[in-house]
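A.B. asks: Dropping the sequence and predicted coords here.
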Amino acid sequence: MTGSFDAVIVGAGQAGPPLAGRLTAAGMTVALIERQRIGGTCVNFGCTPTKTLVASAHTAHVVRRGAEFGIDTAPPQIDMGRVRARMRSVVASSRDGLEAWLGGMESLTLLRGKARLTAPDTVEVDGETLTAPRIFLNVGARPAQPDMPGIKGMPYLTSTTILELDRVPKHLVIVGGSYIGLEFAQMYRRFGADVTVVERGPALIPREDPEVSQAIRGILQAEGIAVRLDADCIALAPSSEGVCVHVSCDEGVPEVHGTDVLLAVGRTPNTDDLGLDAAGLSADTRGFIPVNERLETAVPGIWALGDCNGRGAFTHTSWNDHEIVAANLLDGADRKVSDRVPGYALYIDPPLGRAGLTEAQARAAGHRVRTASRPMTRVGRAVEKGETQGLMKVVVDADTGTILGAAILGPGGDEAIHGVLDLMTAGVPAEGLAWAVPIHPTVSELLPTLIGDLI
Ligand SMILES: Cc1cc2nc3c(=O)[nH]c(=O)nc-3n(C[C@H](O)[C@H](O)[C@H](O)COP(=O)(O)OP(=O)(O)OC[C@H]3O[C@@H](n4cnc5c(N)ncnc54)[C@H](O)[C@@H]3O)c2cc1C
Ligand SMILES: NC(=O)c1ccc[n+]([C@@H]2O[C@H](COP(=O)([O-])OP(=O)(O)OC[C@H]3O[C@@H](n4cnc5c(N)ncnc54)[C@H](O)[C@@H]3O)[C@@H](O)[C@H]2O)c1
């Protein structure tokens, strides 16, 4: 069968479905192809399932801490079967909602199968040939499987397969101390596992400023999570317990024995089997499809959106990619990737909310910076809640007064950071906060105070 459309979209993750919505609403015929599950990583294997698990783990933690607040409770009993059932139900309802939305789009053809480019305007899906003058690649990424010694034949977990567990590992060893590694580390510790995080770099979540990553390490260690940094020459081997992870660190024994190992060492773009060369495209050395500021590839009529273009690795950046492309194509706009202010959160508890540049990034970019910070022990709301770990920090350009970035590691940090993110997006300089009247008692109320120290 052959079909001709105004647009073909490969991948129904975060950018594909809303782009299909914009294009069909503009009167185009669109084919959307998905080889696995509608909603892609975030809905099925990423944000949604992990944040439901984080919520269960948080509940266990609160129950354990009951006595501190004058509430006597029994130690929590973790029923991973029910924890997983709750996760599955939230995921299914999110995916169902998305499928219903797509089902209601007139002039959308949804195809299930694996797509492959065969020419700059042609895609093949399980023997069907689709042509279109516009092709949008939203193929996402999958857990990286590093070529580490001993990995062949060793059973290991990934961020996807760990979601299927209905048991709590006795000792979970996590290789990789960044977003995925740390969110699972704290969650499984709270479910009752012994947890060791093995990170190759000199710090956890190494992109952050040192005081932020040190505070995160402190939070995790205080809950009994073991952390091994500077772990060189990581290798896996079977052991009587289950798995032995060889680590060669400056400190500590050279191997860690666990019952299970989770590899959380980044993600690989799904571009290797996409037929890029047949369309005249090639991926870069890390597998990303190179794009310009408007997310156009080197081949006219082909765009790459979301995790596969290497310009973002979050749900909101993938979603924003569709907004950029749709605005430029349909609204006559000239929107660019560089217009967006980077923001993200790390969902440990308390969460880290981040906006813009770290201090190190700001200095590296040539800014003369001023910074102000305050530990959560000096934030009233955090003290009242008994959640005084962490800190907040803002980075301002000393010459222009522009807010360059901020970090809020503390209660509600993922929400409170939007106060800064929104100001930065609106282009309001730091002094714009001078007369703000923040609500008391909140974590956010300290932002004007911090910024006041700098203007
Ligand atoms: C454990 C985990 C937790 C995360 N938590 C967060 C979070 O809290 N917040 C956040 O912002 N981000 C989070 N992320 C990242 C987020 O999930 C991704 O950035 C986001 O899903 C990227 O969206 P995308 O549309 O680019 O790709 P995807 O969501 O991966 O969608 C791509 C789709 O394309 C399909 N596809 C690929 N190749 C083909 C082909 N040849 N033919 C047909 N279909 C194809 C895939 O099956 C997939 O459905 C998390 C990721 C993980 C793994
Ligand atoms: N809260 C969120 O928004 C969220 C949550 C989970 C995942 N994600 C997304 O998923 C993506 C993948 O996350 P991730 O944590 O797997 O990757 P990452 O790229 O953020 O970090 C990988 C970590 O593994 C370490 N590492 C790499 N190879 C190693 C090795 N051989 N041994 C030991 N350590 C090694 C790196 O130094 C790094 O710290 C991220 O880009 C992130 O955007 C986001």
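C.D. replies: Sure thing, it's come through. Ligands and ions are numbered 1, 2, ... in the order given.

A.B. asks: For stretch 164-180, list every residue counted as buried.
C.D. replies: Counting neighbours by 16 or more other CB atoms under 10 Å, one finds that the buried residues in stretch 164-180 are 165, 168-169, 171-180. From N, CA and C alone the C-beta is placed, and that goes for glycine too.

A.B. asks: now the residues you listed as JSON lines including distance to R207?
C.D. replies: What follows is those, written out as JSON lines (distance: CB to CB, whole Å):
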{"residue": "L165", "distance to R207": "28"}
{"residue": "V168", "distance to R207": "30"}
{"residue": "P169", "distance to R207": "28"}
{"residue": "H171", "distance to R207": "28"}
{"residue": "L172", "distance to R207": "24"}
{"residue": "V173", "distance to R207": "23"}
{"residue": "I174", "distance to R207": "18"}
{"residue": "V175", "distance to R207": "18"}
{"residue": "G176", "distance to R207": "13"}
{"residue": "G177", "distance to R207": "11"}
{"residue": "S178", "distance to R207": "8"}
{"residue": "Y179", "distance to R207": "10"}
{"residue": "I180", "distance to R207": "14"}
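
A.B. asks: quick one: which of these sit in strands?
C.D. replies: Restricting those to those inside strands, with DSSP state E as the criterion, leaves H171, L172, V173, I174, V175.

A.B. asks: Return the member of these nearest to ligand 1.
C.D. replies: I174 (12.2 Å; CB to the nearest ligand atom).

A.B. asks: Any figure for the gap between the closest one and R116?
C.D. replies: According to CB to CB, to the nearest Å, I174 and R116 sit 34 Å apart.

A.B. asks: Now do the same contact list for the residue nearest the centre of the chain.
C.D. replies: In the chain, the C-alpha closest to the average C-alpha coordinate belongs to F314, at a distance of 4.6 Å (CA atoms, centre = their mean). Taking CB atoms under 8 Å, 6 or more residues apart in numbering as the criterion, F314 is in contact with Y344.

A.B. asks: repeat for L236
C.D. replies: Under the criterion of CB under 8 Å, 6+ apart, the contact partners of L236 comprise M148, P149, G150, I151, M154, Y156, V243, C244, V245, H246, V261.

A.B. asks: Same check on S444?
C.D. replies: S444 makes contacts with A416, G419, P438, as judged by CB under 8 Å, 6+ apart.

A.B. asks: How about L433?
C.D. replies: Applying CB under 8 Å, 6+ apart as the definition, the contact partners of L433 turn out to be L423, L447, P448, I451, G452.

A.B. asks: Could you do V63 as well?
C.D. replies: T73, P75, P76.

A.B. asks: Spell out the secondary structure type for the first one.
C.D. replies: In three-state terms, and counting by DSSP: H, G, I helix; E, B strand; the rest coil, T73 is coil.

A.B. asks: now it, nearest residue through space, not along the chain?
C.D. replies: If you skip the residues right next to it in sequence, T73 has G66 as its closest partner in space, 3.9 Å away by CB to CB, 6 or more residues apart in numbering.

A.B. asks: how close does that neighbour sit to ligand 2?
C.D. replies: 28 Å (CB to the nearest ligand atom, to the nearest Å).

A.B. asks: Which pLDDT value goes with that residue?
C.D. replies: G66 carries a pLDDT value of 97.

A.B. asks: Make residue 1 into 469 and carry on from there
C.D. replies: That works, and once the first residue is 469, the last one we named lands at G534.

A.B. asks: My read is that it contacts D540, right?
C.D. replies: Yes: G534 is in contact with D540 according to CB atoms under 8 Å; the separation is 6.4 Å.

A.B. asks: Of the contacts of L901, grab the buried ones for ChimeraX.
C.D. replies: Here is the ChimeraX command that selects the buried residues among the contacts of L901 (16+ other CB under 10 Å):
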select :891,915,916,919
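
A.B. asks: Point out the residues in the stretch 619-768 of the chain that sit beside ligand 1.
C.D. replies: By CB under 6 Å from any ligand atom, the residues of the stretch 619-768 of the chain that approach ligand 1 are S627, I648, N738, L742.

A.B. asks: Just the closest of those to ligand 2, please.
C.D. replies: When these are compared against ligand 2 (criterion: CB to the nearest ligand atom), the nearest one is I648, at 3.6 Å.

A.B. asks: Sketch out the strands for the stretch 719-868 of the chain, chain order is fine.
C.D. replies: 723-726, 728-731, 735-737, 770-772, 811-814, 820-824, 837-843, 859-865 (DSSP state E, counting those that start in this stretch).

A.B. asks: Residues contacting the third one, please?
C.D. replies: With contacts defined as CB under 8 Å, 6+ apart, strand 735-737 is touched by 607-613, 751, 754-757, 775-776, 778, 781.

A.B. asks: Inside helices: which ones of those?
C.D. replies: The members of the contacts of strand 735-737 all map outside helices under DSSP state H.

A.B. asks: Max pairwise distance over the residues you listed: which two?
C.D. replies: Largest separation among the contacts of strand 735-737 by CB to CB: Q613 and I757, giving 20.3 Å.

A.B. asks: These two: which is more packed in?
C.D. replies: Taking Q613 and I757 together and counting by other CB atoms under 10 Å, I757 has the greater number of neighbours (25 against 12).

A.B. asks: any idea what sits nearest the more buried one, other than its immediate chain neighbours?
C.D. replies: Across the structure, with CB to CB, 6+ apart as the measure, the residue nearest I757 apart from its sequence neighbours is A772 (3.9 Å).

A.B. asks: Pull up the residues of the stretch 469-618 of the chain that are close to ligand 1.
C.D. replies: 478-483, 501-504, 508-510, 513-515, 518-519, 582-583, 606-609.

A.B. asks: Pull out the buried residues from the residues you listed.
C.D. replies: Using 16+ other CB under 10 Å as the burial test, these include 478-483, 501-504, 508-510, 513-515, 518, 583, 606-609 as buried.

A.B. asks: In strands only, show me these.
C.D. replies: Taking DSSP E, the ones among these that sit in strands are V478, I501, E502, A583, A609.

A.B. asks: quick one: contacts for the first one?
C.D. replies: Just to be clear, that refers to V478. Counting by CB under 8 Å, 6+ apart, V478 makes contact with G484, I501, A583, V591, I603, F604, L605, N606, V607, L742.

A.B. asks: what is the third one paired to in the beta sheet?
C.D. replies: Going back to what we said before, that points to A583. V593 (DSSP bridges).

A.B. asks: State the three-state secondary structure for E567.
C.D. replies: Recorded secondary structure, E567: helix (three-state DSSP).

A.B. asks: cool, I546 as well?
C.D. replies: Judged by three-state DSSP, the three-state class of I546 is coil.
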